[in-house]
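Asks: any chance you can model this:
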Amino acid sequence: MAAQKLISVLLLQLLLVMLVSDFSNGQKLNVGFYHKTCPNIEAIVAKTTQQYISRAPTLAAPLLRMHFHDCFVRGCDGSVLLNSTASNSAEKDAFPNQSLRGFHVIDAVKSAVEKQCPGVVSCADILALVARDAVRMLHGSFWEVPTGRRDGRVSVNSEALRGLPAPSANITQLKATFASKGLSVKDLVVLSGGHTVGTSHCGSFSNRLYNFTGKGDTDPKLDKNYIAQLKTKCKPGDTKTLVEMDPGSFKLFDEDYYTLVTKRRGLFQSDSALLDEPETRAYVIQQATSHGATFLKDFGASMVNMGNIGVLTGNSAGDHFNFQVPKFGTATTFKFTAEACLQTKMGSVRFSGILLASCFLVILGLSEAQLQLGFYAKNCPKAEKIVKDFVDEHIHNAPSVAAALIRMHFHDCFVRGCDASVLLNSTSSNQAEKVAPPNLTLRGFNFIDRIKTLLEAECPGVVSCADVIALAARDSIVATGGPFWKVPTGRRDGVISRRADALANIPAPTSNFTTLQTRFGNLGLDLKDLVLLSGAHTIGISHCSSFSNRLYNFTGVGDQDPALNKQYAANLKANKCKSSSDNTTIVEMDPGSHRTFDLSYYTLLLKRRGLFQSDAALTTSSTTLNYINQLLKGPLQNFYDEFAKSMEKMGRVNVKTGSAGEIRKQCAVVNS
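Replies: Numbers count the residues shown, from 1 in each chain. Below is the predicted model of the structure:
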């Protein structure tokens, strides 16, 4: 045991040394990076790309899209090009990437470059250069491409599902996704202009034609004449037919896209969404009326901005500089295995310190611990009783805290896993999850802190804040008459908390069914879990601002959400949320029963009285609707039993165990 601990300490020290080495060897991208090592690189790329685009100009748009999809997942590191293996499903096989084309072009360019400069130019740089040259060959922008990227070694299917903006995204979701990558609102509207070239399958937008709100209706934001035209191409259930995104001009890189958007003829909901925000709307109108006066120049600038997302430079490879130590023992986040590490030819590439240290840790199996019931039975036997006693003593004075604590547990697990990262305060150099818009209304932090203080007095440095959240959420629900579920413990606390991660991963109250399915699926949660965990809305309250767009300005023309019961909407407007700008008034999510954990939430859904769009979305899928009806036909205990299973499942999402993370002394700050 002593030898094991010594090895652990030495390896962790080695990891720190190598991390410092990786940081010190980092460098920024720059134009002409290969001036000495491969001086003809850009000419080789342009010539080979031209050979393919001249024969098949429709390849240009997919190559541009490929670069976009690469950069939005793990940064611009070429990870979208990697194939799946027997033990890992790669980004390439994720649903949003299954329609990507042009991989053979990248392979051909790489082969041509390798003949001239073997082992010098990264695939990530080739992808960036090819995208630029493809656009230029359609009479589009030219921009200088800073180079010097290194190729990543990790490519994970679920990360593509999570990181890529969906064609059904609304403006709030789009802004959050772009902001999480360090891109501005202007970058969002400029890069959307890439839809001026290319095609899309009917399946990406057919809900706008046939079943927009689940009642067989059309999207009111889409021009009626255009709908009629599209229906002649896309019959119900058609997922294969291709449609031009910029009809009549889809092979020419111009500003026509913006003209179409102003006419409500943008093909996707994400296109229409650009009219829902003042800055994006102004840009759309400016380009449409000025015939794209600044579009090409702006597009080049935004492409450079996008091309800088999360790049690997210097001696780094396999992960980013802002590397989160993998959650050892959790296969969903740790992508290396002992076998893979041993088979890697260290002499063939410059091995990064991060990867090398990670491999050592895996090979030695230092972190194989898993969650278990009674984890603290020996080292802090009173731990769970301390949590329960505190909850029982105080929850009756503030029963609404129960809903707040279960929401906190939910928001924690959906960002970086159940590691208490939601509790960390911001620092001078980092904005934490706690200050992200989805978390600004969270309550109960003091409640958790007081429990942690009691535990530290009993067993210093033993019980994690992550376990405290999980236990307190369960015990508070039980104390208010709700269901009991088993809480396996042994979680460790994370040391990273980023505002952008919360924006990108927490399902918004405006989420549609596709977004909900994706966000839950990313964590290994299924549609049944989605329905059951949404059932927590049977308790608690919400601010008007979380749903007021459904009352006053659903599609941007001062209208009401047709999926919301008219009488309920009128009642909310008359008695609760009296203006669209009200962001202080609170409303019960389950009127008349918001302190009782029961089935009435599901009854409200069937009456079209769910408060959020995400509630209404549950009735738009036959699968989730079937689950809802099953719950309502069964006894309350059945709901309790099923809810408990889903809570246990969520509580295991991407947990840190063993020697990963730390046991924080104070939940709001990492240990010094």
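
Asks: which stretches of the stretch 401-550 of the chain form strands?
Replies: 541-543 (DSSP state E, counting those that start in this stretch).

Asks: would you list every one of the helices in it?
Replies: 401-413, 445-458, 465-479, 499-505, 513-522, 527-534, 549-552 (DSSP state H, counting those that start in this stretch).

Asks: which of the ones you listed is buried the deepest?
Replies: Highest mean neighbour count of the helices of the stretch 401-550 of the chain: helix 465-479, a mean of 27 (counted as mean count of other Cβ atoms under 10 Å). For glycine as for every other residue, the C-beta is placed from the backbone atoms N, C-alpha and C.

Asks: okay, the angle between that helix and helix 445-458?
Replies: 110 degrees (axes from the mean of the first three to the mean of the last three Cα atoms, to 10 degrees).

Asks: pLDDT of helix 465-479, averaged?
Replies: Helix 465-479 carries an average pLDDT of 95.

Asks: helices and strands around that helix, which ones?
Replies: For helix 465-479, the elements it packs on are helix 383-394, helix 401-413, helix 445-458, judged by 3 or more Cβ pairs under 8 Å, 6 or more residues apart in numbering; DSSP states H and E.

Asks: now that helix and helix 383-394, what's the angle there?
Replies: Using the same axes, to 10 degrees, helix 465-479 lies at 50 degrees relative to helix 383-394.

Asks: off-centre distance for helix 465-479?
Replies: 25 Å (Cα atoms, centre = their mean, to the nearest Å).

Asks: over to stretch 502-513?
Replies: That offset, for stretch 502-513, works out to 8 Å (Cα atoms, centre = their mean).

Asks: picking that back up, same list (the helices and strands packed on helix 465-479) but as a markdown table, adding distance to residue 565.
Replies: Putting these into a markdown table (distance: least, Cβ to Cβ, whole Å) gives the following:
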| stretch | distance to residue 565 |
| --- | --- |
| helix 383-394 | 36 |
| helix 401-413 | 23 |
| helix 445-458 | 35 |
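
Asks: out of those, which gets nearest to residue 516?
Replies: Nearest of those to residue 516, taken as Cβ to Cβ: helix 401-413 at 13.0 Å.

Asks: state the mean pLDDT of the closest one.
Replies: Mean per-residue pLDDT for helix 401-413: 94.

Asks: chain center to it: distance?
Replies: Worked out by Cα atoms, centre = their mean, helix 401-413 lies 19 Å from the chain centre.

Asks: follow-up on the earlier one: which stretch among the helices of the stretch 401-550 of the chain approaches residue 201 most closely?
Replies: Short answer: helix 513-522, nearest of the helices of the stretch 401-550 of the chain by Cβ to Cβ, at 14.5 Å.

Asks: show me where the stretch 151-300 of the chain has strands.
Replies: Ranges of strands in the stretch 151-300 of the chain, per DSSP E, counting those that start in this stretch, are 199-201, 242-244.

Asks: kindly reformat those as JSON lines containing mean neighbour count.
Replies: Listed next are the strands of the stretch 151-300 of the chain as JSON lines, based on neighbours: other Cβ atoms under 10 Å:
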{"stretch": "strand 199-201", "mean neighbour count": "17"}
{"stretch": "strand 242-244", "mean neighbour count": "16"}
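
Asks: nearest to residue 310, out of these?
Replies: Closest to residue 310 of the strands of the stretch 151-300 of the chain, according to Cβ to Cβ: strand 199-201, at 26.6 Å.

Asks: name every strand pairing with that closest one and say which way it goes.
Replies: strand 242-244 (antiparallel) (DSSP bridges).

Asks: identify the residues contacting the strand it pairs with?
Replies: 198-202, 205, 230, 233-234, 250, 267 (Cβ atoms under 8 Å, 6 or more residues apart in numbering).

Asks: try it again with 7 Å
Replies: 199-202, 230, 233-234, 250, 267 (Cβ atoms under 7 Å, 6 or more residues apart in numbering).

Asks: separation between the residue nearest to residue 506 when sequence neighbours are not counted and residue 90?
Replies: In this structure, residue 506 finds its nearest non-sequential neighbour in residue 438, 4.4 Å apart by Cβ to Cβ, 6 or more residues apart in numbering. Remark: distance between residue 438 and residue 90 (Cβ to Cβ, to the nearest Å) = 29 Å.

Asks: export stretch 611-623 to PDB, keeping only CA atoms.
Replies: Taking C-alpha atoms only, stretch 611-623 is exported to PDB below (Å, rounded to 0.1, in the frame of the first residue of the first chain):
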ATOM      1  CA  LEU A 611     -45.200  26.300 -18.000                       C
ATOM      2  CA  PHE A 612     -42.100  25.900 -20.300                       C
ATOM      3  CA  GLN A 613     -41.600  25.000 -23.900                       C
ATOM      4  CA  SER A 614     -39.500  22.100 -22.600                       C
ATOM      5  CA  ASP A 615     -42.600  20.900 -20.800                       C
ATOM      6  CA  ALA A 616     -44.800  21.100 -23.900                       C
ATOM      7  CA  ALA A 617     -42.100  19.400 -25.900                       C
ATOM      8  CA  LEU A 618     -42.700  16.200 -24.000                       C
ATOM      9  CA  THR A 619     -46.100  15.800 -25.700                       C
ATOM     10  CA  THR A 620     -44.700  16.200 -29.200                       C
ATOM     11  CA  SER A 621     -43.100  12.700 -29.200                       C
ATOM     12  CA  SER A 622     -45.200   9.600 -29.300                       C
ATOM     13  CA  THR A 623     -42.700   7.800 -27.100                       C
END
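
Asks: contact partners for residue 30?
Replies: Residue 30 neighbours (Cβ under 7 Å, 6+ apart): 146, 148.

Asks: returning to that earlier point: for the helices of the stretch 401-550 of the chain, which one sits closest to residue 588?
Replies: Per Cβ to Cβ, nearest to residue 588 of these: helix 401-413, 10.3 Å.

Asks: re earlier: make JSON lines out of the helices of the stretch 401-550 of the chain and add distance to residue 162.
Replies: Formatted as JSON lines, the helices of the stretch 401-550 of the chain follow (distance: least, Cβ to Cβ, whole Å):
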{"stretch": "helix 401-413", "distance to residue 162": "14"}
{"stretch": "helix 445-458", "distance to residue 162": "26"}
{"stretch": "helix 465-479", "distance to residue 162": "21"}
{"stretch": "helix 499-505", "distance to residue 162": "7"}
{"stretch": "helix 513-522", "distance to residue 162": "4"}
{"stretch": "helix 527-534", "distance to residue 162": "15"}
{"stretch": "helix 549-552", "distance to residue 162": "24"}
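
Asks: out of these, flag the one nearest residue 650.
Replies: helix 401-413 (5.4 Å).

Asks: mind giving me the packing neighbours of the closest one?
Replies: helix 465-479 (3 or more Cβ pairs under 7 Å, 6 or more residues apart in numbering; DSSP states H and E).

Asks: can you tell me the element residue 628 falls in?
Replies: Using DSSP states H and E, residue 628 maps to helix 622-633.

Asks: need the next SSE after that helix, C-terminal direction.
Replies: Counting by DSSP H and E, what follows helix 622-633 is helix 636-650.

Asks: and the pLDDT for residue 383?
Replies: 95.

Asks: swap that for residue 599, sorry
Replies: So residue 599 comes in at 93 (pLDDT).

Asks: neighbours of it, just the number please.
Replies: Using other Cβ atoms under 10 Å, residue 599 has 21 other residues around it.

Asks: I figured it hits residue 639, correct?
Replies: Yes - with contacts counted by Cβ atoms under 7 Å, residue 599 reaches residue 639, the gap being 5.7 Å.

Asks: quick check: neighbours shared by the two?
Replies: With Cβ under 7 Å, 6+ apart as the test, residue 599 and residue 639 both reach residue 631.

Asks: contacting residues for residue 466?
Replies: Per Cβ under 7 Å, 6+ apart, neighbours of residue 466: 418-420, 491-493.
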